[in-house]
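J.: I'll drop the sequence and a predicted model, then ask my questions.
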Amino acid sequence: TNFWASVPQGPPDPILGVSEAFAKDQSSNKINVGVGAYRDENGKPYVLESVSKAEDILHQKRSNKEYLPITGEADFVKLASELAYGKDCKALQDGRIAVSQSISGTGALRIATGFLSMFYSGPRVVYLPNPTWGNHIPVVEQTGMRVARYRYFDKKTVGLDFDGMKEDIKAAEQGSIILLHACAQNPTGIDPTQDQWKELCEITKAKKHLVLFDMAYQGFASGDIIRDAFAVRYFVEQGHQILLAQSFAKNLGLYGERIGTFSMVCTNKEEKDRIQSQVKRVIRPLYSSPPLHGAQLVATILGSPELYEQWLGEVKKMADRIIAMRERLYDLLVEFKTPGEWGHIKSQIGMFSFTGLTPEQVDALKDHAHVYMTRDGRISMAGLNEGNIQYFAESVSKAVK
Ligand code: PMP
């Protein structure tokens, strides 16, 4: 017998599939703006100087390779939550936030949905923005929860559909779970303003919704880690019992180290202890305990005033290079008299720009110009640099004409 004859071929991953196609392309002009990973001014993957220094320190220490506790490395967990919530966060000082190390942001989200599917007594539905990062959908559905959507993107203005967003969140059944991108929304690059966040905070509170923040880009949106944490910190200040998925993939360039945290703000310390005991029961059968190295790296950087300062500078440098590429791309598209309005490229923030290119134009760019992006027209701004931006803009211009 063949046990697997009836297993169908799965579809390629819409994002990672782009990189696979790119790798096969032999052209020397080829450009990959598909994957959301930072590239330096030469188009190369970038290891932060602060990370290299932390690697040296760890190498000297030659610490052992014992298992970490289920909830991860204690120093890391403490420093990471201070970064997200702020050292002066009352809930943090009260010791009522349950924090665990996670397998980067994805792992944190999966712990969240695992926990919710076991313990949440409200509606078993997670509201995601439309559009959102594609992986949110299976992360929710694989734990038996249902996905619903709230409006987010306004095609006409290529901006935020704030009225639609509010309407949908208000119309959701009381106590629904609302996922919010904390900053640098993927894929649109469009975030609510601080005033809009305040309104969202009130609306979700009035509806007794449970808010799950996904913070994969702290520091990447504005270059300032405090500014980018505004929404998370504000909601907590206002008494929301948020859940938070935090990733260090982008802001520390630690993609492959798979390092992040999952946390839940509780009402008191006793509750936190209960919650944490159950979070452990979610994690244990998934992977027992998290990996060591990334946690040690992040703890070394965040725990050293000197490396921390250096890192802040490096985050800002990455964010600034992306912002410079936005300006440059806009100028070139205008210079090439590209039909349409391209101002959104400059106003969008974070890693991505949602260009408005159609799937057909995306296909044409791949087939005729060796330019690779996801079919929703999202481009990773970090894939552009002085060496390729002229060719990129020219190719886009041609595809649109
Ligand atoms: N959330 C969003 C919105 C993302 O864009 C990403 C990365 N593409 C993640 C979560 C998770 O990334 P990671 O698991 O690498 O931290």
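T.: Looks like it came in fine. What you see is a predicted model, and the numbers here were worked out from it, not measured in a lab.
J.: pLDDT on stretch 232-248, on average?
T.: Taken as a whole, stretch 232-248 carries a mean pLDDT of 98.
J.: CA atoms only for that stretch, dumped as PDB, please.
T.: Extracted as PDB, the C-alpha positions of stretch 232-248 are listed here (Å, rounded to 0.1, in the frame of the first residue of the first chain):
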ATOM      1  CA  VAL A 232       0.800  49.100  22.100                       C
ATOM      2  CA  ARG A 233       1.800  51.300  25.000                       C
ATOM      3  CA  TYR A 234      -1.300  53.500  24.700                       C
ATOM      4  CA  PHE A 235      -3.700  50.600  24.700                       C
ATOM      5  CA  VAL A 236      -2.000  49.200  27.800                       C
ATOM      6  CA  GLU A 237      -2.100  52.500  29.600                       C
ATOM      7  CA  GLN A 238      -5.800  52.700  28.800                       C
ATOM      8  CA  GLY A 239      -6.400  49.400  30.600                       C
ATOM      9  CA  HIS A 240      -6.700  47.000  27.600                       C
ATOM     10  CA  GLN A 241      -5.600  43.400  28.400                       C
ATOM     11  CA  ILE A 242      -3.800  43.100  25.200                       C
ATOM     12  CA  LEU A 243      -1.900  40.100  23.800                       C
ATOM     13  CA  LEU A 244       1.300  40.900  22.000                       C
ATOM     14  CA  ALA A 245       3.500  39.200  19.400                       C
ATOM     15  CA  GLN A 246       6.900  40.800  19.300                       C
ATOM     16  CA  SER A 247       9.600  39.900  16.700                       C
ATOM     17  CA  PHE A 248      13.300  40.700  16.500                       C
END
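J.: Check whether that stretch comes near the ligand.
T.: Yes - shown here: stretch 232-248 in contact with the ligand (CB under 6 Å from any ligand atom) through S247. Backbone N, C-alpha and C define where each C-beta goes, glycine included.
J.: packing partners for the lowest-mean-pLDDT helix or strand in the chain?
T.: Lowest by mean pLDDT, DSSP states H and E among the helices and strands of the chain is helix 16-24, with a mean of 89. Where contact means 3 or more CB pairs under 8 Å, 6 or more residues apart in numbering; DSSP states H and E, helix 16-24 is packed against strand 31-32, strand 371-372.
J.: run the last query once more with 7 Å
T.: Applying 3 or more CB pairs under 7 Å, 6 or more residues apart in numbering; DSSP states H and E, we find helix 16-24 packed against strand 371-372.
J.: returning to that earlier point: would you tell me whether the least confident helix or strand of the chain gets close to the ligand?
T.: No - applying CB under 6 Å from any ligand atom, one finds helix 16-24 separated from the ligand by no less than 10.3 Å.
J.: What are the contacting residues of that helix?
T.: For helix 16-24, contacts defined as CB atoms under 7 Å, 6 or more residues apart in numbering pick out 30, 32, 34-35, 372-374.
J.: tell me which residues in that helix are buried?
T.: 18, 22 (16 or more other CB atoms under 10 Å).
J.: likewise stretch 3-19?
T.: Those buried within stretch 3-19 under the rule 16+ other CB under 10 Å are 15, 18.
J.: cool, stretch 313-323 as well?
T.: 314-315, 318-319, 321-322.
J.: Please put the alpha-carbon coordinates of it into CSV.
T.: Output of stretch 313-323 as CSV, limited to C-alpha atoms (Å, rounded to 0.1, in the frame of the first residue of the first chain):
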residue,chain,number,x,y,z
GLY,A,313,21.6,54.1,15.5
GLU,A,314,21.5,51.1,13.2
VAL,A,315,17.7,50.7,13.3
LYS,A,316,17.5,54.4,12.4
LYS,A,317,20.0,53.9,9.6
MET,A,318,18.0,51.1,8.1
ALA,A,319,14.7,53.0,8.4
ASP,A,320,16.4,56.1,6.8
ARG,A,321,17.8,54.2,3.9
ILE,A,322,14.3,52.9,3.1
ILE,A,323,12.8,56.4,3.4
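J.: I'd like the average pLDDT over it.
T.: 95.
J.: G189 against T355, yeah?
T.: No - contact criterion CB atoms under 7 Å: G189 and T355 do not qualify, at 9.8 Å.
J.: Spatially nearest residue to S117 (excluding sequence neighbours)?
T.: T143 (4.0 Å; CB to CB, 6 or more residues apart in numbering).
J.: for the one you found, what are its contacts?
T.: Counted by CB under 7 Å, 6+ apart, T143 has contacts 113-114, 117.
J.: Repeat that for G164.
T.: Contacts of G164 by CB under 7 Å, 6+ apart are R151.
J.: helix or strand for it, which one?
T.: helix 162-171 (DSSP states H and E).
J.: gap between that helix and the chain center?
T.: 22 Å (CA atoms, centre = their mean, to the nearest Å).
J.: Next: stretch 106-122.
T.: Chain-centre distance of stretch 106-122: 18 Å, with CA atoms, centre = their mean.
J.: buried sites along that stretch?
T.: Buried residues in stretch 106-122 (16+ other CB under 10 Å): 106-116.
J.: for stretch 386-401, same thing?
T.: 388-389, 391-397, 399-400.
J.: State the mean pLDDT of stretch 340-356.
T.: Computed over stretch 340-356, the mean pLDDT rounds to 92.
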